[in-house]
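[1] show me the folded form of this:
(chains A, B, C and D)
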2 protein chains.
Amino acid sequence: MNIKDVAARSGLPAKTIRYYEEIGLIRPLRAANGYRAFRESDLHKLAFLGRARSLGFTIEECRALLALYEDETRASADVKALAERHLDQIAAKIRELEDMQKTLSDLVHACAGDHRPDCPILSGLAGTDQKDCCA
Amino acid sequence: MNIKDVAARSGLPAKTIRYYEEIGLIRPLRAANGYRAFRESDLHKLAFLGRARSLGFTIEECRALLALYEDETRASADVKALAERHLDQIAAKIRELEDMQKTLSDLVHACAGDHRPDCPILSGLAGTDQKDCCA
DNA sequence: TATGATGCTTCCAGTCACCGGAAGGTCAAG
DNA sequence: CTTGACCTTCCGGTGACTGGAAGCATCATA
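    Numbers count the residues shown, from 1 in each chain, chains lettered A, B, ... in the order given. All right, here's what the predicted structure looks like:
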(Lines give C-alpha, C1' and ligand atoms only; values in the text may rest on other atoms or scores of the structure.)
Protein backbone atom coordinates (compact mmCIF):
# COMPACT_ATOMS: atom_id res chain seq x y z
CA MET A 1 0.00 0.00 0.00
CA ASN A 2 1.23 3.48 -0.82
CA ILE A 3 0.83 6.45 1.43
CA LYS A 4 -2.27 7.85 -0.21
CA ASP A 5 -4.26 4.67 0.31
CA VAL A 6 -3.12 4.47 3.90
CA ALA A 7 -4.09 8.10 4.39
CA ALA A 8 -7.55 7.43 2.97
CA ARG A 9 -8.07 4.29 5.04
CA SER A 10 -6.65 5.65 8.29
CA GLY A 11 -8.17 9.09 7.99
CA LEU A 12 -4.79 10.72 8.65
CA PRO A 13 -3.16 13.15 6.20
CA ALA A 14 -0.14 11.80 4.32
CA LYS A 15 1.95 14.56 5.92
CA THR A 16 1.04 13.29 9.35
CA ILE A 17 1.89 9.72 8.43
CA ARG A 18 5.35 10.79 7.24
CA TYR A 19 5.75 12.73 10.46
CA TYR A 20 4.80 9.70 12.54
CA GLU A 21 7.44 7.71 10.76
CA GLU A 22 9.99 10.46 11.33
CA ILE A 23 9.41 10.39 15.07
CA GLY A 24 9.46 6.63 15.15
CA LEU A 25 5.82 5.78 15.81
CA ILE A 26 5.67 3.53 12.76
CA ARG A 27 8.31 1.88 10.61
CA PRO A 28 6.87 1.08 7.20
CA LEU A 29 8.98 -0.93 4.75
CA ARG A 30 10.43 0.63 1.63
CA ALA A 31 9.87 -0.51 -1.92
CA ALA A 32 12.77 -0.62 -4.40
CA ASN A 33 11.75 2.77 -5.78
CA GLY A 34 12.03 4.38 -2.36
CA TYR A 35 8.28 4.57 -1.79
CA ARG A 36 6.97 3.62 1.62
CA ALA A 37 5.35 0.17 1.52
CA PHE A 38 2.71 -0.05 4.25
CA ARG A 39 1.55 -3.35 5.69
CA GLU A 40 -1.86 -3.93 7.21
CA SER A 41 -0.19 -3.73 10.60
CA ASP A 42 1.07 -0.21 9.81
CA LEU A 43 -2.42 0.81 8.83
CA HIS A 44 -3.73 -0.70 12.02
CA LYS A 45 -1.26 1.26 14.11
CA LEU A 46 -2.07 4.48 12.32
CA ALA A 47 -5.78 4.02 12.97
CA PHE A 48 -4.92 3.37 16.62
CA LEU A 49 -2.86 6.53 16.72
CA GLY A 50 -5.60 8.54 15.06
CA ARG A 51 -8.11 7.46 17.69
CA ALA A 52 -5.72 8.09 20.56
CA ARG A 53 -4.90 11.55 19.22
CA SER A 54 -8.59 12.34 18.78
CA LEU A 55 -9.05 11.56 22.47
CA GLY A 56 -6.44 14.19 23.21
CA PHE A 57 -3.50 11.99 24.15
CA THR A 58 -0.16 13.63 23.39
CA ILE A 59 2.22 12.01 20.96
CA GLU A 60 4.33 10.68 23.82
CA GLU A 61 1.27 9.22 25.49
CA CYS A 62 0.36 7.63 22.17
CA ARG A 63 3.82 6.14 21.99
CA ALA A 64 3.33 4.65 25.44
CA LEU A 65 -0.13 3.38 24.55
CA LEU A 66 1.18 1.77 21.40
CA ALA A 67 3.98 0.10 23.35
CA LEU A 68 1.42 -1.26 25.82
CA TYR A 69 -0.78 -2.36 22.95
CA GLU A 70 2.07 -4.37 21.48
CA ASP A 71 3.19 -5.79 24.80
CA GLU A 72 1.37 -9.07 25.32
CA THR A 73 2.47 -9.14 28.95
CA ARG A 74 1.12 -5.71 29.85
CA ALA A 75 -1.05 -5.16 32.89
CA SER A 76 -4.30 -3.39 32.10
CA ALA A 77 -3.67 -1.39 35.27
CA ASP A 78 -0.88 0.45 33.45
CA VAL A 79 -3.16 1.39 30.60
CA LYS A 80 -5.87 2.45 32.99
CA ALA A 81 -3.47 4.61 34.99
CA LEU A 82 -2.34 6.40 31.83
CA ALA A 83 -5.91 6.97 30.76
CA GLU A 84 -6.91 8.23 34.17
CA ARG A 85 -4.08 10.73 34.25
CA HIS A 86 -5.27 11.98 30.91
CA LEU A 87 -8.85 12.18 32.15
CA ASP A 88 -7.64 14.34 35.01
CA GLN A 89 -6.00 16.68 32.55
CA ILE A 90 -9.14 16.86 30.45
CA ALA A 91 -11.18 17.67 33.55
CA ALA A 92 -8.70 20.37 34.58
CA LYS A 93 -8.83 21.92 31.14
CA ILE A 94 -12.62 21.92 31.17
CA ARG A 95 -12.66 23.63 34.54
CA GLU A 96 -10.24 26.25 33.28
CA LEU A 97 -12.37 26.93 30.22
CA GLU A 98 -15.53 27.09 32.30
CA ASP A 99 -13.93 29.69 34.55
CA MET A 100 -13.07 31.77 31.50
CA GLN A 101 -16.55 31.26 30.16
CA LYS A 102 -18.19 32.40 33.36
CA THR A 103 -16.05 35.51 33.75
CA LEU A 104 -16.33 36.51 30.14
CA SER A 105 -20.04 35.90 29.83
CA ASP A 106 -20.66 38.03 32.91
CA LEU A 107 -18.76 40.84 31.23
CA VAL A 108 -20.56 40.32 27.94
CA HIS A 109 -23.95 40.41 29.61
CA ALA A 110 -23.05 43.67 31.30
CA CYS A 111 -22.14 45.28 27.99
CA ALA A 112 -24.78 47.27 26.14
CA GLY A 113 -23.24 46.49 22.78
CA ASP A 114 -24.35 49.68 21.11
CA HIS A 115 -22.68 52.65 19.41
CA ARG A 116 -21.44 54.19 22.68
CA PRO A 117 -17.84 53.69 23.83
CA ASP A 118 -18.59 52.74 27.45
CA CYS A 119 -17.81 49.07 27.83
CA PRO A 120 -17.71 46.90 30.95
CA ILE A 121 -15.68 44.31 29.06
CA LEU A 122 -12.83 46.75 28.52
CA SER A 123 -13.19 48.10 32.05
CA GLY A 124 -12.99 44.59 33.37
CA LEU A 125 -9.85 43.86 31.38
CA ALA A 126 -8.34 47.17 32.45
CA GLY A 127 -8.97 46.29 36.08
CA THR A 128 -10.75 49.58 36.67
CA ASP A 129 -13.83 47.82 38.00
CA GLN A 130 -14.38 47.35 41.69
CA LYS A 131 -14.63 43.59 41.45
CA ASP A 132 -11.82 41.50 40.07
CA CYS A 133 -12.18 40.22 36.58
CA CYS A 134 -9.78 37.31 36.44
CA ALA A 135 -8.08 34.74 38.56
CA MET B 1 10.59 51.38 36.01
CA ASN B 2 12.80 48.54 34.91
CA ILE B 3 11.52 45.29 33.52
CA LYS B 4 11.71 43.33 36.73
CA ASP B 5 9.46 45.72 38.62
CA VAL B 6 6.99 45.73 35.76
CA ALA B 7 7.07 41.96 35.72
CA ALA B 8 6.35 41.83 39.44
CA ARG B 9 3.55 44.39 39.24
CA SER B 10 1.91 43.02 36.09
CA GLY B 11 2.34 39.38 36.97
CA LEU B 12 3.89 38.66 33.57
CA PRO B 13 7.38 37.14 33.17
CA ALA B 14 10.07 39.51 31.90
CA LYS B 15 10.50 37.26 28.88
CA THR B 16 6.88 37.71 27.96
CA ILE B 17 7.11 41.47 28.32
CA ARG B 18 10.07 41.58 25.95
CA TYR B 19 8.13 39.38 23.57
CA TYR B 20 5.13 41.72 23.70
CA GLU B 21 7.39 44.60 22.80
CA GLU B 22 8.91 42.62 19.96
CA ILE B 23 5.50 41.98 18.41
CA GLY B 24 4.46 45.58 18.93
CA LEU B 25 1.88 45.28 21.69
CA ILE B 26 3.75 47.80 23.83
CA ARG B 27 6.40 50.42 23.10
CA PRO B 28 8.30 51.25 26.26
CA LEU B 29 10.84 54.08 26.18
CA ARG B 30 14.56 53.44 26.46
CA ALA B 31 16.93 54.87 29.04
CA ALA B 32 20.39 56.11 28.06
CA ASN B 33 21.94 52.81 29.10
CA GLY B 34 19.68 50.87 26.74
CA TYR B 35 17.37 49.59 29.45
CA ARG B 36 13.65 49.65 28.82
CA ALA B 37 12.01 52.48 30.76
CA PHE B 38 8.39 51.59 31.47
CA ARG B 39 5.74 54.20 32.17
CA GLU B 40 2.63 53.60 34.24
CA SER B 41 0.71 53.40 30.98
CA ASP B 42 2.91 50.52 29.83
CA LEU B 43 2.27 48.71 33.07
CA HIS B 44 -1.43 49.35 32.66
CA LYS B 45 -1.42 47.87 29.17
CA LEU B 46 0.52 44.84 30.32
CA ALA B 47 -1.97 44.16 33.08
CA PHE B 48 -4.75 44.51 30.50
CA LEU B 49 -2.97 42.04 28.24
CA GLY B 50 -2.42 39.61 31.09
CA ARG B 51 -6.12 39.59 31.91
CA ALA B 52 -7.16 39.24 28.28
CA ARG B 53 -4.72 36.36 27.80
CA SER B 54 -5.96 34.66 30.95
CA LEU B 55 -9.45 34.74 29.44
CA GLY B 56 -8.06 32.86 26.48
CA PHE B 57 -7.98 35.64 23.89
CA THR B 58 -5.26 35.11 21.29
CA ILE B 59 -2.52 37.64 20.89
CA GLU B 60 -4.18 39.07 17.81
CA GLU B 61 -7.47 39.39 19.66
CA CYS B 62 -5.58 41.11 22.47
CA ARG B 63 -4.14 43.51 19.94
CA ALA B 64 -7.63 44.30 18.70
CA LEU B 65 -8.95 44.69 22.25
CA LEU B 66 -6.12 47.02 23.12
CA ALA B 67 -6.81 49.11 20.03
CA LEU B 68 -10.48 49.34 21.00
CA TYR B 69 -9.47 50.19 24.55
CA GLU B 70 -7.40 53.10 23.32
CA ASP B 71 -9.97 54.28 20.81
CA GLU B 72 -12.19 56.82 22.54
CA THR B 73 -14.65 56.66 19.66
CA ARG B 74 -15.15 52.89 19.76
CA ALA B 75 -18.60 51.33 19.80
CA SER B 76 -19.08 48.88 22.64
CA ALA B 77 -20.85 46.68 20.09
CA ASP B 78 -17.47 45.96 18.48
CA VAL B 79 -15.98 44.86 21.76
CA LYS B 80 -19.01 42.75 22.54
CA ALA B 81 -18.90 41.07 19.13
CA LEU B 82 -15.26 40.14 19.63
CA ALA B 83 -15.97 38.76 23.08
CA GLU B 84 -18.96 36.79 21.85
CA ARG B 85 -16.96 35.18 19.08
CA HIS B 86 -14.45 34.17 21.69
CA LEU B 87 -17.18 32.80 23.94
CA ASP B 88 -18.36 30.66 21.05
CA GLN B 89 -14.87 29.25 20.68
CA ILE B 90 -14.64 28.51 24.37
CA ALA B 91 -17.98 26.72 24.24
CA ALA B 92 -16.88 24.68 21.23
CA LYS B 93 -13.66 23.69 22.97
CA ILE B 94 -15.55 22.65 26.08
CA ARG B 95 -17.90 20.48 24.03
CA GLU B 96 -14.93 18.85 22.32
CA LEU B 97 -13.28 18.10 25.64
CA GLU B 98 -16.50 16.76 27.09
CA ASP B 99 -16.86 14.39 24.16
CA MET B 100 -13.35 13.10 24.79
CA GLN B 101 -14.09 12.85 28.48
CA LYS B 102 -17.23 10.83 27.93
CA THR B 103 -15.65 8.39 25.49
CA LEU B 104 -12.53 7.92 27.54
CA SER B 105 -14.27 7.57 30.86
CA ASP B 106 -16.53 4.89 29.40
CA LEU B 107 -13.43 2.99 28.34
CA VAL B 108 -11.76 3.51 31.68
CA HIS B 109 -14.78 2.25 33.57
CA ALA B 110 -14.84 -0.88 31.44
CA CYS B 111 -11.21 -1.64 32.26
CA ALA B 112 -10.45 -3.95 35.16
CA GLY B 113 -7.12 -2.27 35.83
CA ASP B 114 -5.43 -5.34 37.19
CA HIS B 115 -2.40 -7.46 36.31
CA ARG B 116 -4.04 -9.09 33.28
CA PRO B 117 -3.35 -7.85 29.75
CA ASP B 118 -6.98 -7.70 28.54
CA CYS B 119 -7.91 -4.05 28.22
CA PRO B 120 -11.02 -2.45 26.75
CA ILE B 121 -9.16 0.86 26.46
CA LEU B 122 -6.65 -0.63 24.07
CA SER B 123 -9.37 -2.56 22.25
CA GLY B 124 -11.34 0.63 21.85
CA LEU B 125 -8.33 2.47 20.46
CA ALA B 126 -7.56 -0.44 18.15
CA GLY B 127 -11.11 -0.36 16.84
CA THR B 128 -11.56 -4.05 17.51
CA ASP B 129 -14.66 -3.43 19.58
CA GLN B 130 -18.10 -3.69 18.14
CA LYS B 131 -19.03 -0.12 18.98
CA ASP B 132 -17.07 2.81 17.71
CA CYS B 133 -14.74 4.51 20.10
CA CYS B 134 -14.25 7.92 18.58
CA ALA B 135 -15.92 10.46 16.39
C1' DT C 1 39.19 50.66 43.89
C1' DA C 2 38.44 45.93 43.04
C1' DT C 3 35.14 42.36 43.00
C1' DG C 4 31.32 39.77 42.71
C1' DA C 5 26.40 39.47 42.40
C1' DT C 6 22.57 41.01 40.16
C1' DG C 7 20.17 42.99 36.37
C1' DC C 8 19.81 44.39 31.84
C1' DT C 9 20.52 43.64 26.73
C1' DT C 10 20.28 40.78 22.30
C1' DC C 11 20.16 36.63 19.79
C1' DC C 12 19.52 31.73 18.96
C1' DA C 13 17.18 27.55 19.64
C1' DG C 14 13.51 24.71 21.30
C1' DT C 15 8.63 23.59 22.39
C1' DC C 16 4.16 20.69 20.09
C1' DA C 17 2.09 18.48 16.31
C1' DC C 18 1.91 19.21 12.48
C1' DC C 19 1.08 21.98 7.43
C1' DG C 20 2.50 24.15 2.99
C1' DG C 21 5.35 24.32 -0.68
C1' DA C 22 9.49 23.67 -3.64
C1' DA C 23 12.50 20.67 -6.26
C1' DG C 24 12.93 16.51 -8.20
C1' DG C 25 12.30 11.20 -9.04
C1' DT C 26 8.55 7.38 -10.55
C1' DC C 27 4.80 5.34 -12.72
C1' DA C 28 0.56 4.23 -15.55
C1' DA C 29 -2.20 5.68 -19.40
C1' DG C 30 -2.85 7.41 -23.92
C1' DC D 1 6.93 10.20 -25.54
C1' DT D 2 4.43 13.02 -22.96
C1' DT D 3 1.27 14.16 -19.46
C1' DG D 4 -0.38 14.14 -15.01
C1' DA D 5 -0.73 11.97 -10.74
C1' DC D 6 1.93 10.14 -7.42
C1' DC D 7 6.01 9.71 -4.49
C1' DT D 8 10.40 11.50 -2.15
C1' DT D 9 13.18 14.87 0.88
C1' DC D 10 14.06 19.25 2.78
C1' DC D 11 13.04 23.84 4.48
C1' DG D 12 10.26 27.03 6.77
C1' DG D 13 6.27 28.50 9.37
C1' DT D 14 2.60 28.20 13.03
C1' DG D 15 1.44 30.40 18.52
C1' DA D 16 3.00 32.12 22.43
C1' DC D 17 6.17 31.85 24.62
C1' DT D 18 10.63 29.70 27.43
C1' DG D 19 15.53 28.65 28.30
C1' DG D 20 20.07 29.75 27.87
C1' DA D 21 24.42 31.94 26.28
C1' DA D 22 27.31 35.99 25.69
C1' DG D 23 28.14 40.39 26.93
C1' DC D 24 27.30 45.32 29.13
C1' DA D 25 25.57 48.09 33.43
C1' DT D 26 24.86 48.87 38.09
C1' DC D 27 25.35 48.39 42.90
C1' DA D 28 26.90 46.81 47.49
C1' DT D 29 30.60 45.43 49.93
C1' DA D 30 35.56 44.56 51.16
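
[2] near DNA strand C, which residues of chain A?
    By CB under 7 Å from any atom of the strand, the residues of chain A that approach DNA strand C are A:13, A:15, A:16, A:19, A:32, A:33, A:34, A:53, A:58, A:59, A:60. In this view, the C-beta of every residue, glycine as well, is placed from N, C-alpha and C.

[3] when you check DNA strand D, which of these turn up near it?
    Taking CB under 7 Å from any atom of the strand as the test, DNA strand D is in contact with residue A:34 out of those.

[4] select only the buried ones of the residues of chain A next to DNA strand C in PyMOL?
    Here is the PyMOL command that selects the buried residues among the residues of chain A next to DNA strand C (16 or more other CB atoms under 10 Å in any protein chain shown):
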select buried, chain A and resi 16+53
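
[5] residue A:18 contacts residue A:4, doesn't it?
    No. With contacts counted by CB atoms under 8 Å, residue A:18 stays clear of residue A:4, the gap being 11.8 Å.

[6] for residue A:57, give me its contacts.
    A:65, A:86 (CB atoms under 8 Å, 6 or more residues apart in numbering or on different chains).

[7] got the phi/psi numbers for it?
    Dihedral angles of residue A:57 (phi, psi; degrees, to the nearest 10) stand at phi -70, psi 140.

[8] SS state for residue A:27?
    Under DSSP: H, G, I helix; E, B strand; the rest coil, residue A:27 falls in the coil class.

[9] list the contacts of the closest residue to it other than its chain neighbours.
    Nearest-residue entry for residue A:27: residue A:21, 6.9 Å, with adjacent residues in sequence omitted and distances by CB to CB, 6 or more residues apart in numbering or on different chains. Counting by CB under 8 Å, 6+ apart, residue A:21 touches A:27, A:28, A:36.

[10] ok, and the closest non-adjacent residue to the last one?
    Using CB to CB, 6+ apart and skipping residues adjacent in sequence, the residue nearest residue A:36 is residue A:28, 4.5 Å away.

[11] run a quick neighbour tally on the closest residue in space to residue A:5 that isn't next to it in sequence.
    Of all residues not flanking residue A:5 in the chain, residue A:38 sits nearest, at 7.7 Å (CB to CB, 6+ apart). Look at residue A:38: counted by other CB atoms under 10 Å in any protein chain shown, it has 23 neighbours.

[12] in this structure residue A:38 contacts residue A:8, no?
    No. Here residue A:38 lies out of contact with residue A:8, judged by CB under 8 Å, at a distance of 11.6 Å.

[13] from residue B:121, how far out is the nearest residue to residue A:11 once chain neighbours are set aside?
    Computed as CB to CB, 6+ apart, the closest residue to residue A:11 that is not its neighbour in sequence is residue A:50, at 5.5 Å. Between residue A:50 and residue B:121 the distance is 15 Å, computed by CB to CB, to the nearest Å.

[14] for chain A, give me the ranges with low pLDDT.
    A:130-135 (pLDDT under 70).

[15] contact partners for the residue nearest the centre of it?
    Nearest residue to the geometric centre of chain A (CA atoms, centre = their mean): residue A:56, 3.4 Å. Contact analysis of residue A:56 by CB under 8 Å, 6+ apart lists A:86, A:89, A:90, B:97, B:100.

[16] part of a helix, is it?
    No. Using three-state DSSP, the assignment for residue A:56 is coil, not a helix.
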